[in-house]
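Student: Sequence and predicted model, in that order:
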Amino acid sequence: MLKSTLLKATEAGGKILQQYFNGAFEVSSKSTVNDLVTEADKKSEAVIIEVIRQTYPDHFILSEEVGAIKTDSAFKWIIDPIDGTVNFANGIPICCVSIGVEKEGEMILGAVYNPFMNELFIAEKGKGATLNDKPIHVSAKTSVATSCLVTGFPYKWEESDRDPLQVLTSVIKQGIPVRRLGSAAIDLCWVACGRFDGFWEHHLQAWDSAAGYLMVEEAGGKVTHFSGDKYSPYQSDILATNGHIHSELQHLINGK
């Protein structure tokens, strides 16, 4: 029942994205001028929460636009109604619905759906990850030098020795290809299915990574913080790889 509700909610949100995409809708800013929220974000979020509430009215919900709807439930739904809102607002079809389900502090289910590419990623703790019902696995690359990487940037940051631009510079100076898609959830799923070999980002929220990091782990990859500590979506930085290049990329990010 939990998984079927997750799928139903994810697909309901995806339908809203399709309805609004390339149409006329309201766009406003949040923390910065380019930290956008659209009418479609709010509508997608509303239908997702409605689907969840129909079956699980007492579950905790943490969602990007409404924030925390707290309860005493052991279950928490962590929702990004549109991950990649800037892409969506500009008619770029690299965006998705992302939903993670946590039980007693452990992520047990995740779904990421890009309706424009017809790609539905599902991860279930201990049972692997799939793309459109087919099992997926991380890549077999063993060297950062031959890897294809992906990253993202916050809307603002303070300059430092290892700020996002400094880290990117140190990577690309070595001739390593790095992409920037604009959706952390999709970045993580593409690591999970082997399109990318590694992903890092300095500042994410729980809804950005909740489903995606489980996807990487269940596809055989490794996810930590830059420090190497066990990953928590409630802390901002993330390093996700196929596992083989993890230590090498971690050292590169940390300037060692």
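Tutor: Cool, the structure landed. Numbers count the residues shown, from 1 in each chain.
Student: tell me the pLDDT at residue 22?
Tutor: The model reports residue 22 with a pLDDT of 86.
Student: Next, count neighbours for the closest residue to it other than its chain neighbours.
Tutor: Leaving out its chain neighbours, the residue that sits closest to residue 22 by CB to CB, 6 or more residues apart in numbering is residue 91, at 5.1 Å. All C-beta atoms are positioned from the backbone trio N, CA, C, and that covers glycine. For residue 91, the count of nearby residues is 9 (other CB atoms under 10 Å).
Student: Give me the local confidence score for residue 91.
Tutor: In this model, residue 91 is scored at 95, pLDDT.
Student: Please verify my assumption that it contacts residue 20.
Tutor: No - in this structure, residue 91 is not within contact of residue 20 by CB atoms under 8 Å, at 10.9 Å.
Student: ok, which stretches of the stretch 1-150 of the chain are strands?
Tutor: Taking DSSP state E, counting those that start in this stretch to define them, one finds strands in the stretch 1-150 of the chain at 27-29, 36-38, 60-63, 67-69, 75-83, 96-103, 106-114, 119-124, 128-131, 134-135, 149-151.
Student: Can you redo those strands as TSV, where the extra columns are distance to residue 208, mean pLDDT and mean neighbour count?
Tutor: Output for those, formatted as TSV (distance: least, CB to CB, whole Å; pLDDT from 0 to 100; neighbours: other CB atoms under 10 Å):
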stretch	distance to residue 208	mean pLDDT	mean neighbour count
strand 27-29	18	77	12
strand 36-38	14	75	19
strand 60-63	12	96	20
strand 67-69	15	93	11
strand 75-83	6	97	27
strand 96-103	7	98	27
strand 106-114	11	98	24
strand 119-124	15	98	23
strand 128-131	18	98	19
strand 134-135	25	98	10
strand 149-151	13	98	23
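Student: Between the ones you listed, which one is closest to residue 13.
Tutor: Closest of the strands of the stretch 1-150 of the chain to residue 13 is strand 96-103, at 3.8 Å (criterion: CB to CB).
Student: re the thing from before, any idea how far residue 42 is from the residue nearest to residue 22?
Tutor: 19 Å (CB to CB, to the nearest Å).
Student: Span of stretch 25-40 from start to end?
Tutor: Length of stretch 25-40, first residue to last, CA to CA, to the nearest Å: 7 Å.
Student: what bridges to residue 151?
Tutor: Bridge pairing for residue 151 (DSSP bridges) gives the partners residue 200.
Student: For it, which residues are in contact?
Tutor: Counting by CB atoms under 8 Å, 6 or more residues apart in numbering, residue 151 touches 164, 167, 168, 178, 179, 180, 187, 199, 200, 201.
Student: likewise residue 250?
Tutor: So residue 250 contacts 224, 226, 228, 239 (CB under 8 Å, 6+ apart).
Student: Could you single out the nearest of the residues you listed to residue 113?
Tutor: residue 239 (24.5 Å).
Student: Next, count neighbours for the closest one.
Tutor: 21.
Student: Could you do residue 9 as well?
Tutor: Neighbour tally, residue 9, other CB under 10 Å: 27.
Student: how far away is it from residue 15?
Tutor: As judged by CB to CB, residue 9 and residue 15 stand 11 Å apart.
Student: what is in contact with the two at once?
Tutor: By CB under 8 Å, 6+ apart, residue 9 and residue 15 have these common neighbours: residue 47.
Student: my guess is residue 179 meets residue 196, correct?
Tutor: Yes - in this structure residue 179 lies within contact range of residue 196 using CB under 8 Å: 7.2 Å.
Student: Those two: which is more packed in?
Tutor: For residue 179 versus residue 196, the count of surrounding residues by other CB under 10 Å is larger for residue 196: 28 against 15.
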